[in-house]
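Asks: generate coordinates for the sequence data below:
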Amino acid sequence: MFPIFWILLLLPLVSAQTYHWGPCPTPSVQPNFSLQQYLGTWYEIAKLPASFERGKCIQADYTLRGDGTIRVLNSQFYKGKVRTVEGTAVVQDPKKTAKLGVSFSYFTPYSPYWVLSTDYVSGAVVYSCTDVLRIFHVDYAWILGRSRFLPAEEVEYARQLLAKENIDTFKMSVTDQTGCD
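Replies: As a prediction, this is how the structure comes out:
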């Protein structure tokens, strides 16, 4: 009964997310990932639902700090204002540099931020997943671009890559990048 109580308590919190029964999938990540090449600005092209991303003109800026951590500055235009949030990303395992951890609060643990694929100059596919007692998991996935718009074939390639890795893209939506400064 105890786990059922927690599941029922958590369900409203994940209602705006994408969740599935069972543990998280374990997709392949970008081989020979270069953090240096990945740094810079990425624009959100499409995503699985995320309660913390409801606006338009969503982008993320990644810069290396002196201590080796990565500054993550996410911004979006929401309810008439530009809203930003700053976080920290870290390479958690030097042998698997495409598997980063990211946190936007000193009080929360690092969440997975896995770069599944990138060419560094045009697009990237990123995945994150959180297991809840291995009973169900909450998925996040992003298709990112170095510009606000990607050609349709690149977006389709990214969706197919996610599907090949057993990541359900049915709820994936395109991010509005029109009218942005």
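Asks: every contact and neighbour count from this point should use C-alpha atoms.
Replies: Will do.
Asks: quickly run through the sheet partners of the helix or strand containing residue 130, with directions.
Replies: Per DSSP states H and E: residue 130 is located in strand 123-132. According to DSSP bridges, strand 123-132 forms sheet pairs with strand 111-118 (antiparallel), strand 136-145 (antiparallel).
Asks: helix, strand, or coil at residue 27?
Replies: Here residue 27 is coil, with the state taken from DSSP: H, G, I helix; E, B strand; the rest coil.
Asks: what's the burial count for it?
Replies: 16 (other Cα atoms under 10 Å).
Asks: what's the answer for residue 57, then?
Replies: Neighbour count for residue 57, taken as other Cα under 10 Å: 20.
Asks: that one and residue 166: what is the separation?
Replies: From residue 57 across to residue 166, the span is 28 Å (Cα to Cα, to the nearest Å).
Asks: residue 85 pairs with what?
Replies: Legend: beta-bridge partners of residue 85 under DSSP bridges are residue 74.
Asks: residue 162 reaches residue 172, doesn't it?
Replies: No: counting by Cα atoms under 8 Å, residue 162 does not reach residue 172; the two are 10.7 Å apart.
Asks: quick check: what element follows the helix ranked longest in the chain along the chain?
Replies: In the chain, taking DSSP state H as the definition, the longest helix is helix 152-164. Heading C-terminal from helix 152-164, the first helix or strand you meet, by DSSP H and E, is strand 173-174.
Asks: quick one: name whatever helix or strand follows the worst-scoring helix or strand of the chain on mean pLDDT.
Replies: Across the helices and strands of the chain, mean confidence by mean pLDDT, DSSP states H and E is lowest for helix 2-10: a mean of 45. Using DSSP H and E, the helix or strand that follows helix 2-10 towards the C-terminus is strand 18-21.
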